[in-house]
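>>> All I have is the shape, not the residue letters:
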């Protein structure tokens, strides 16, 4: 089996070979300039969003995806959370000496598929190789840019009391799928990462009722609980959510019960929290339900003009639990 | 001594603390939205450049700099090599559990200083923490964007036969400074990395004679030799360079002689190769000489309409050596 060698990262002949054999195979487009120092393209006047994430998930391959899927979808989704239409991505690979070419090929193939699904182009990149043991197999950074359509203004400053909080689907699938793989748990084939590009769904909403959408957040690391607490803090509102309304797949709940995880703090890679004017809640739900990624979308709560900075979870048994930021870690290297 | 813990990367309370204590301390600006999923800013119509690099240099600290200096200057310089005015950077940190806060602080402080020197803003970022042994101390990715001024068109397509090739200064300092530190060589204090932001110098040239500048390349990994060969290949010209004209500091040459390194293939982090119309060579050299980073700038060769794709080095002893891409590695993890 052919494997990555240190010389594949030295910037010379072997780097060229790696680029031509794998990178250009999947990422070919007019703008990608692998042998130049970046991409050049025209932009129109307007508002741009710029975001980045590094991906260090372990294991590299897990039910429903791999690190390459996360690397494209994660940054695409971060741009979408700014209301931007994701357009161009960069890709920085850090490879461990000895990584099998077959695995690299599969990861890049997945990145290419996800880029097509999200309608973005990977236009510039960089590949480093470090010695065996100096990185765990492969880490990927992506950064991305996209333009924010006129009339769209998404951010904590837009959130006011009396708005509805919508969650696009069930929480915890990604974390449990990855942890199941990591620990060799015997889970059903149905339990997969929820990782998916959300930009098409988000823009279907924004195209219809953009001005009525105040905030978009994807509950990745830190989970839904942390995102809700951040919204309460940053937007200076209170938040009330109904525990019974939050969708959690039965198997995820079972694993959480056994391992002692709180699903509110598990990472998701294909969910979005929308804070919207109550006038458009039904329409937003209807649009979300039209997408595979949003078919379980549901109204989970509301912003309040009291209990500023606090998140109260109305529990199924009738009490109220205050939700804080995630504290001690549950699940490291989840994305 | 306080150290980075896994929880500093979990996206919750400890991540917020790390961000507030270190990231916001150094990178504060209006656009940085550490608790949102990206930065938003206005752009004007025109041509943009977008570039990225991951930095894995070992050791993290070396004479004249550290990984943070590389991470800002490297991407700033890649943008400058596109003729762009670097404007915004992203910063993705991958930290090893146990990294001392003092070291993180020094690295981020350096990034802040370099961003100021290069007149760029770090506007968005991400921090991951992995277990001890899953990364070697700290790896950094930066991506950057900047606008290309009207009338500037830099690229291999612009290079024609009969152009001059200018090198902005001596080669090999960065590699030898890093290798000296890595291997504990007893080198003089004068031997330091050449790492520096080149955008101010490059734009001083472009402002005066931009249309006459065909190509800009910084000879980082792969060194001057690889860059010249890439130019010959991509631009379909021959290249002739004079070995005696290429500046190499005496101590770098000595270390190369002892260790068997070829300085032509050593990485540089503060040098630029300019391919220009002969009509402006003297003016370009004069502008470069006005900058500390360009005071040793010199004409080293010329493009030819024969020997297409070949680089001939006229050696000091009168022969001609053909220069190929770097083959087997000399110096891994040099940037």
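Here it is on my side, so go on. Here the structure is a predicted model, which is why all the values come from computation and not from measurement. Numbering: from 1, shown residues only, chains lettered A, B, ... in the order given.
>>> Get me the contact residues on the stretch 201-335 of chain A for chain B.
A:217-218, A:220-223, A:226, A:230, A:234, A:265, A:267, A:324-333 (Cβ under 8 Å from any Cβ of the partner chain). C-betas here are computed from N, CA, C, even on glycine.
>>> Using ChimeraX, define a selection of the buried residues within these.
To isolate the buried ones among these in ChimeraX, judged by 16 or more other Cβ atoms under 10 Å in any protein chain shown, type:
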select /A:217,218,220,221,222,223,226,230,234,265,267,325,326,329,330,331,332,333
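>>> can you give me the strands in the stretch 51-200 of chain A?
A:61-62, A:65-66, A:85-96, A:121-130, A:138-148, A:164-167 (DSSP state E, counting those that start in this stretch).
>>> Out of the residues of the stretch 201-335 of chain A next to chain B, which sit inside strands?
Judged by DSSP state E, strands contain the following of those: residue A:217.
>>> Tell me if the helix or strand bottoming out on mean pLDDT in chain A is near chain B.
Ranked by mean pLDDT, DSSP states H and E, the weakest helix or strand in chain A is helix A:24-27, scoring a mean of 89. No: using Cβ under 8 Å from any Cβ, helix A:24-27 never reaches chain B; the gap is at least 13.1 Å.
>>> buried residues in that helix?
Within helix A:24-27, the residues that count as buried by 16+ other Cβ under 10 Å are A:26-27.
>>> I'd like to know which elements the helix or strand that comes right after it is packed against.
Downstream of helix A:24-27, the first helix or strand assigned by DSSP states H and E is strand A:39-43. Contacts defined by 3 or more Cβ pairs under 8 Å, 6 or more residues apart in numbering or on different chains; DSSP states H and E place strand A:39-43 against strand A:121-130, strand B:46-55.
>>> among the ones you listed, which is nearest residue B:260?
Among the helices and strands packed on strand A:39-43, strand A:121-130 comes nearest to residue B:260, with 21.8 Å by Cβ to Cβ.
>>> Same list (the helices and strands packed on strand A:39-43) but as CSV, adding mean pLDDT and distance to residue A:103.
Formatted as CSV, the entries for those read as follows, by pLDDT from 0 to 100; distance: least, Cβ to Cβ, whole Å:
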stretch, mean pLDDT, distance to residue A:103
strand A:121-130, 96, 14
strand B:46-55, 97, 19
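>>> Dump the ones you listed to a markdown table, plus mean neighbour count.
Output for the helices and strands packed on strand A:39-43, formatted as a markdown table (neighbours: other Cβ atoms under 10 Å in any protein chain shown):
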| stretch | mean neighbour count |
| --- | --- |
| strand A:121-130 | 25 |
| strand B:46-55 | 26 |
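>>> Make TSV out of the ones you listed and add distance to residue B:241.
Shown next, in TSV, are the helices and strands packed on strand A:39-43 (distance: least, Cβ to Cβ, whole Å):
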stretch	distance to residue B:241
strand A:121-130	27
strand B:46-55	26
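>>> follow-up on the earlier one: ok, which of the strands of the stretch 51-200 of chain A comes nearest residue B:312?
Ranking the strands of the stretch 51-200 of chain A by proximity to residue B:312 (Cβ to Cβ) places strand A:121-130 first, at 29.6 Å.
>>> Run the contact check for that closest one versus chain B.
Yes: remark: strand A:121-130 sits within contact range of chain B at A:123-126, A:128-130, by Cβ under 8 Å from any Cβ.
>>> Excluding covalently adjacent residues, which one is nearest to residue A:249?
residue A:170 (5.0 Å; Cβ to Cβ, 6 or more residues apart in numbering or on different chains).
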